[in-house]
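Trainee: compute the structure for the input listed below.
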Amino acid sequence: MTSRWRPGRVGRMEPFGHPVEVLAVIALGGVIGAEARYVLGSAVPHTAASWPWATLAVNAVGSVLIGVLMVVIVELREAHRLVRPFLGVGVLGGFTTFSTYAVDALLLADAGRAGVAVGYVVLTPLVAVLACAVGAMVTRVLAGRTIRRPSEVEP
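Mentor: Residues are numbered from 1 along each chain as shown. Predicted coordinates:
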């Protein structure tokens with residue numbers, strides 16, 4: 001059996017091949033994001049047979065914020081190396097939620113609303129991708145930047 005711990009750059013052990021501080025900020029951010037999602041989900045409850053507005057809204061808002069964050073820390077300013085793992089993976093990754101989205105779809109189907117469940121399954125990722133693109137585009141416009149084409153982005 002192989003270990004998931006391996007020597008790091010300075011001889012220290014790194015779980016799963018990542019520095020401990022990166023995993024720590026992701027975990028901390030994940031707690032913050034998941035708690036925020038829980039509070040918002042509790043504020044707008046829904047039944048198994050009703051449209052899960054809170055989950056859709058959380059995923060859309062989180063996706064907008066991911067678009068904003070990526071433009072700010074990749075294109076506009078140099079960020080500390082832990083900003084992206086903390087905010088992008090941790091906070092916003094914990095805030096947006098595939099698991100709740102999947103459970104909501106299953107609950108809709110189990111409640112006899114299979115058509116609505118399929119609509120929700122198709123609509124949510126479309127909304128999320130569009131929201132991320134809008135967040136990035138609006139951030140670029142507000143910063144006075146032009147939209148970059150994939151061929152212009154550095155590898």
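Trainee: helices and strands around the helix ranked longest in the chain, which ones?
Mentor: In the chain, with assignment by DSSP state H, the single longest helix is helix 114-142. The helices and strands touching helix 114-142, judged by 3 or more C-beta pairs under 8 Å, 6 or more residues apart in numbering; DSSP states H and E, are helix 53-70, helix 98-110. Quick note: C-beta positions are derived from backbone N, CA and C, even for glycine.
Trainee: which other helices and strands contact the first one?
Mentor: Which is helix 53-70. helix 20-43, helix 92-95, helix 98-110, helix 114-142.
Trainee: burial-wise, tell me which of these comes out on top.
Mentor: Of the helices and strands packed on helix 53-70, the one with the most neighbours on average (mean count of other C-beta atoms under 10 Å) is helix 92-95, at a mean of 22.
Trainee: average pLDDT for it?
Mentor: Mean pLDDT, computed over helix 92-95, is 96.
Trainee: list the contacts of that helix.
Mentor: Residues outside helix 92-95 that contact it (C-beta atoms under 8 Å, 6 or more residues apart in numbering) are 26, 29-34, 36-37, 58, 61-62, 65-66, 69.
Trainee: if you set the cut-off to 10 Å instead, what comes out?
Mentor: 26-38, 40, 58-59, 61-66, 68-70, 85-87 (C-beta atoms under 10 Å, 6 or more residues apart in numbering).
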